[in-house]
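> Dropping the sequence and predicted coords here.
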Amino acid sequence: MSMVERHYLKLGYVVKDVHKTESHDFECRSRRDLIYLEVKGTRGVGSSIALTPNEVDFARLHPKNTALCIVRSIMVAGDKCPKARGGQLRTYRPWNPDQHTLKPITYICTLVNGRHVGG
């Protein structure tokens, strides 16, 4: 995430890390612009990423102000205390997830009481 933060600071934005309280990672502000950044990192080429439902919902609500930043080809070294370094930044802006292929990979199953067998 630090690569993305440095990139937007160099572009003149005030960058605020909001990933602990919001469904996106950064809010970047300038005099005329507000961008919500979703950041993903991968050791691969970054042709597909995992997203949470909240990340998708937020981007759908703010497609003109949302950017997806993928740091790809990251190198990781160290077994006990792995450190990431390098990588290439690819940015999609504006980013509307519905303009890409979304595939559900997880379902939440709420179980109905009384329909089980045994124990």
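Everything's here; your move. Predicted model, so just to flag it, every value in this text is computed and none were measured.

> For the rest of this, base every contact and every neighbour count on C-alpha atoms.
Noted.

> ok, the strand or helix carrying Y36: who's next to it in the sheet?
When elements are assigned from DSSP states H and E, Y36 belongs to strand 34-41. Using DSSP bridges, the strands paired with strand 34-41 in its sheet are strand 26-29 (antiparallel), strand 66-72 (parallel).

> Which positions in it come out as buried?
Going by neighbour count (16 or more other Cα atoms under 10 Å), the buried part of strand 34-41 is I35, Y36, L37, E38, V39, K40, G41.

> Show the contacting residues for the fourth one.
Under the criterion of Cα atoms under 8 Å, 6 or more residues apart in numbering, the neighbours of E38 are H24, D25, F26, E55, T66, A67, L68, C69.

> In the sheet, which residues pair with it? Tell me.
L68.

> thinking H19 is in contact with F26, fair?
Yes: at 6.6 Å, H19 counts as touching F26 under the criterion of Cα atoms under 8 Å.

> With distance to Y8 and neighbour count added, can I get the contacts of E38 in JSON lines?
What follows is the contacts of E38, written out as JSON lines (distance: Cα to Cα, whole Å; neighbours: other Cα atoms under 10 Å):
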{"residue": "H24", "distance to Y8": "15", "neighbour count": "22"}
{"residue": "D25", "distance to Y8": "13", "neighbour count": "21"}
{"residue": "F26", "distance to Y8": "10", "neighbour count": "23"}
{"residue": "E55", "distance to Y8": "20", "neighbour count": "16"}
{"residue": "T66", "distance to Y8": "14", "neighbour count": "24"}
{"residue": "A67", "distance to Y8": "12", "neighbour count": "22"}
{"residue": "L68", "distance to Y8": "13", "neighbour count": "21"}
{"residue": "C69", "distance to Y8": "11", "neighbour count": "20"}
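
> where does M3 land in three-state SS?
Classification of M3 using DSSP: H, G, I helix; E, B strand; the rest coil returns helix.

> how far away is it from L111?
Remark: distance between M3 and L111 (Cα to Cα, to the nearest Å) = 43 Å.
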